[in-house]
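In: sequence plus predicted model, see below.
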Amino acid sequence: MEISSNLGVVIRRLRRGESLTQRDLANKLDISVAYINLIENNRRSITVPLLLKVASLFNIELSELTNDYNKQLNSDLMDIFSDNIFDEHELKNNDIKDFSLNSPIVGDAVRTLYDKYLQNKKDLGELADQMISVKQEISDTVGSERSSADFISDMLQSNNNYFSDIEEISEKELSLIDFENGNRLRNMMDFLNKKFSIKIDFEEENLKNNFVKKYIIEKKLLKISNALSRESKEFLIAHQIGLIVAKDSIENKLKKEGISDSNTLALGKTVLANYFASCLLMPYEKFLTYAKRHRYDIDMLSNKFETSFEQVCHRLTTLQKPGSKGIPFHFMRVDIAGNVSKRFSLSGLKIPRYSVACPRWNVYTAFLNPGKIKVQLSKMLDGKTFVCLARTVSKRIGDYRSPETFFSIGLGFDISHSKDCIYADNLDSKYSVPTGLSCRTCERENCRQRAFPPIHKNLKFNENVRGLSGYIDPDN
C-alpha cells in the first residue's frame, strides 16, 4: 500500500525545521539521499512503513502528516487568481486546484511573487503620497510591516501554533512566581525586580508619546500605561518576562525559520513573547483540563484565569501538545471595516489571505450585536460544516474622549467536535448557513450577499432581468 498524498513539501519543511540535511534524514530513515530528494519533490510516493518512520522521527501523529497540506495553498491561489489582473485568462477553479496539487512548489513561488507585487504596489502608493506631501526623506522600511506579518503568520500556521520549548520555559518560570495568593500583578513585578533588577512604572502621561509599553534597557525600566486594564498590564509584564527568559529559544526558532531581516525578527520576537505570556498566565495542562471540564466555555475560562476574551481565544488555538490536545480551532480577528488583522486555522477552514472573507461569516455580523457571543453553523462549498462563534470586543486606552477601537473575534471548529463544546449545543444542521471563502472564489451563484462576480463564470448582463443580486444571472 502506498500513500499518494502530496507529502513532499511537508517532509521538507519538517526536515529543515530540525536543521537536517537530506543526507541526515536519509541516514535516519535508512534510505538513499536520491529517494529523499524524489519524495521531497513529489516525484515518488511514500510507503506506509516509511510514513510511520517519518511520523515517529519528527514526533508527530500520522494523521497530522497525512493531512492535505496543499489545501491552504489552493485557498491562497484561489484568492490570488481572483484579482482582476487575471480576468483575461479565464481561469477556472479546477485549473487552480490542479495546479496546487501537481505543482505545489511553483504554487508557493506564485504566492511569494504575488506578495511581492502587493508590497511593491503598496510601496509605490506610499512613495506617491510622500512625493505629493513634498517630503524629503523616504524610510527604507515603508510598508514592510505587512510582509513581515504574513511571514510570521505563516510560521505560526506551519508550526500549528504550538511551541514546546516556550511551553517548557514558561512552566519552569511559573514555579518561581507565586500566582496562588491572588496578587499576580504584584508577584510578577517582584519577580522582574528580584531576578533581573527591572523596575516597572505605571505612567499617566505616556499616551502623549504614543506607546502603552516601553522597556528602556540601559535603565532597566519598564514603562506601562496606567490607562490599561489589569488584564493588559499583566499580559505586558508577562510578555517582558518572556522576552528575557525565553530569549535564546525564541531567537533559535526564528533562525530555524530562516528569518534574517531585523523588522521581521522584531515582529517574530513580539509574537513568540506573546505566546510565552499566554503560557505563563494560562498554564497548558491546567488550562486544558479546565477547558475540557467546562466544554470550552470562554467566559468560564476568562473568569478562572483572569484574562480577557481575546486572550482566552488565542490560548485555545495553541492546545496542540502531542498526546494532550484540545479541539483544533480556527481564529480570526477583523475590524469594523472588514480587514482581517489576525488569522490562524487548525480546524480545516481556509481563511482568505488577500481579500475580505465571506460576508455571511458571523465574525462580521457579530458587529450587529456588540458584546454578545453569536453562534452559527457554516456550511462550506466542499460540504464541510463548521461551528463558528464570534463576539465583538472594544478597546479604549485613555479617558472618555479617547477614540474607541472595535474588533470582532471569530473562533470555530469542525462540526465533528460538537459534543465537546458548549457552543454547539442545540444547533440544528438543517439551519446551517451556506458560506464561502470570498465572493470572487465562491461558486454559489444564488447568494444575495454577493459583492463581486465569481471568477469561474463570465457574466452576461441583461437590462431587462434582475437576479437576486447584480452579479446573478437567473437565465444561466
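Out: Cool, the structure landed.
In: below-threshold pLDDT in the stretch 201-350 of the chain: ranges please.
Out: Applying pLDDT under 70 to the stretch 201-350 of the chain flags the ranges 205-209.
In: what segments of it are helices?
Out: 230-245, 247-256, 262-281, 284-293, 298-305, 309-316 (DSSP state H, counting those that start in this stretch).
In: dump those to JSON lines, plus distance to Asn187 and mean neighbour count.
Out: (Glycine included, C-beta is placed from N, CA and C.) Shown next, in JSON lines, are those (distance: least, CB to CB, whole Å; neighbours: other CB atoms under 10 Å):
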{"stretch": "helix 230-245", "distance to Asn187": "10", "mean neighbour count": "20"}
{"stretch": "helix 247-256", "distance to Asn187": "21", "mean neighbour count": "16"}
{"stretch": "helix 262-281", "distance to Asn187": "11", "mean neighbour count": "21"}
{"stretch": "helix 284-293", "distance to Asn187": "17", "mean neighbour count": "16"}
{"stretch": "helix 298-305", "distance to Asn187": "15", "mean neighbour count": "17"}
{"stretch": "helix 309-316", "distance to Asn187": "18", "mean neighbour count": "23"}
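In: nearest to Tyr117 among the ones you listed would be which one?
Out: helix 262-281 (18.6 Å; CB to CB).
In: on that earlier part again, now the helices of the stretch 201-350 of the chain in TSV, with distance to Leu113?
Out: Shown next, in TSV, are those (distance: least, CB to CB, whole Å):
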stretch	distance to Leu113
helix 230-245	34
helix 247-256	24
helix 262-281	18
helix 284-293	39
helix 298-305	39
helix 309-316	31
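In: closest to Leu62 out of the ones you listed?
Out: helix 284-293 (22.1 Å).
In: the closest one to helix 309-316, inter-axis angle?
Out: 100 degrees (axes from the mean of the first three to the mean of the last three CA atoms, to 10 degrees).
In: can I get the CA coordinates of helix 284-293 in PDB?
Out: Output of helix 284-293 as PDB, limited to C-alpha atoms (Å, rounded to 0.1, in the frame of the first residue of the first chain):
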ATOM      1  CA  TYR A 284      -1.100  24.400  29.500                       C
ATOM      2  CA  GLU A 285      -2.400  21.400  31.500                       C
ATOM      3  CA  LYS A 286      -4.300  23.400  34.000                       C
ATOM      4  CA  PHE A 287      -6.000  25.400  31.200                       C
ATOM      5  CA  LEU A 288      -6.700  22.400  29.000                       C
ATOM      6  CA  THR A 289      -8.200  20.400  31.900                       C
ATOM      7  CA  TYR A 290     -10.500  23.300  32.900                       C
ATOM      8  CA  ALA A 291     -11.400  23.900  29.300                       C
ATOM      9  CA  LYS A 292     -12.500  20.300  28.800                       C
ATOM     10  CA  ARG A 293     -14.400  20.200  32.100                       C
END
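In: helices and strands around it, which ones?
Out: helix 298-305, strand 324-325 (3 or more CB pairs under 8 Å, 6 or more residues apart in numbering; DSSP states H and E).
In: mind checking which of those is nearest Cys442?
Out: Of all these, helix 298-305 comes closest under CB to CB, at 29.3 Å.
In: can you give me the strands in the stretch 351-476 of the chain?
Out: Using DSSP state E, counting those that start in this stretch, the strands found in the stretch 351-476 of the chain span residues 374-379, 385-395, 405-414, 433-434.
In: name the stretch among those strands that sits most buried.
Out: strand 405-414 (a mean of 22; mean count of other CB atoms under 10 Å).
In: any idea of the angle that strand forms with strand 385-395?
Out: 160 degrees.
In: quick check: mean pLDDT of strand 405-414?
Out: Averaged over strand 405-414, pLDDT sits at 96.
In: dump the helices and strands packed on helix 284-293 into a markdown table; add distance to Asp98 as well.
Out: Formatted as a markdown table, the helices and strands packed on helix 284-293 follow (distance: least, CB to CB, whole Å):
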| stretch | distance to Asp98 |
| --- | --- |
| helix 298-305 | 40 |
| strand 324-325 | 33 |
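In: picking that back up, minimum distance to Gly258: which of the strands of the stretch 351-476 of the chain has it?
Out: Nearest of those (CB to CB): strand 405-414, 30.1 Å.
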